[in-house]
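**Q** got a predicted model here, sequence first, then my questions.
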Amino acid sequence: MTTREALQTQLKRGIAALRVTLPEDAVSRLLDYRELLERWNSAYNLTAVRNADEMVTRHLLDSLAIIPFVEGRTLADLGTGPGLPGIPLAIAEPAREVLMVDSNGKKVRFLREAIRSLKLTNGRALQSRVEEVEGTFECITARAFASLADMLGWGGHLLAPGGVWLAMKGKHPAEELDGMPDGFKVEAIHALTVPGVEGERHLVVIRRD
């Protein structure tokens, strides 16, 4: 059993390596979130990652790695699952409104409990299919739940003009770049190095024309 102190050291080191700046209480809130996820996971199977150290690297640090590319005051995290990257991003920037969307009722129940217990006044959870969500957002995040073309086909209507879509991928999605819908262009693809995470991580930055 890894102690909270050891996880805190691991998380702080990772944040320093990522060179992101977080609010003073962010580390303890991120660890509270991890503990809550671990507790619920035993009953509800919210994530395949069960090891505490891996939760820090593959969930928390992986989410925080995209902070330099997040823009705007409104963000929608589509297919958020148990709140990744939505909850770490909401903790990292309390002034940004973060809507977390998932169609799975168990995951959304967990999200509502996490928002309540972490006192995330800037976070909201919505149980919905992506296609049925309303409104527009200056930034959209999505961990690789589909191809780029499918993601934009289902959720492109949610991105405000000039807004940025951040698609989190493993391998470089070279074969997906041809199928981009009209009105969207790939602005950049960044290879991310996430402390403690092996394998490729890429972030595709898509701008709405």
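**A** Sure thing, it's come through.
**Q** from the chain's centroid, how far away is stretch 185-199?
**A** Taking Cα atoms, centre = their mean, to the nearest Å, the mean C-alpha location of stretch 185-199 is offset from the chain mean by 14 Å.
**Q** low-confidence stretches in this structure?
**A** Where the chain drops to pLDDT under 70, the residues are 1.
**Q** can you give me the strands in it?
**A** 74-78, 97-102, 123-127, 137-143, 159-169, 184-191, 202-208 (DSSP state E).
**Q** does anything pack onto the fifth one? Which helices or strands?
**A** Using 3 or more Cβ pairs under 8 Å, 6 or more residues apart in numbering; DSSP states H and E, the elements in contact with strand 159-169 are strand 137-143, helix 148-155, strand 184-191, strand 202-208. C-beta: built from backbone N, CA, C; applies to glycine.
**Q** buried ones in stretch 138-148?
**A** Glu138, Cys139, Ile140, Thr141, Ala142, Arg143, Ala144, Phe145, Ala146, Leu148 (16 or more other Cβ atoms under 10 Å).
**Q** between those residues, which is closest to Leu203?
**A** Thr141 (9.5 Å; Cβ to Cβ).
**Q** quick check: the closest one touching Val70?
**A** Yes - Thr141 lies in contact with Val70 (Cβ atoms under 8 Å); the separation is 7.4 Å.
**Q** and for these two, which residues touch both?
**A** By Cβ atoms under 8 Å, 6 or more residues apart in numbering, Thr141 and Val70 have these common neighbours: Leu89, Leu166.
**Q** and the residue nearest the centre of the protein?
**A** Centroid check for the chain by Cα atoms, centre = their mean gives Pro85 as the closest residue, at 1.4 Å.
**Q** phi, psi for that residue please.
**A** phi -90, psi 10 (degrees, to the nearest 10).
**Q** my read: Glu187 touches Leu203, true?
**A** No - at 10.8 Å, Glu187 does not count as touching Leu203 under the criterion of Cβ under 8 Å.
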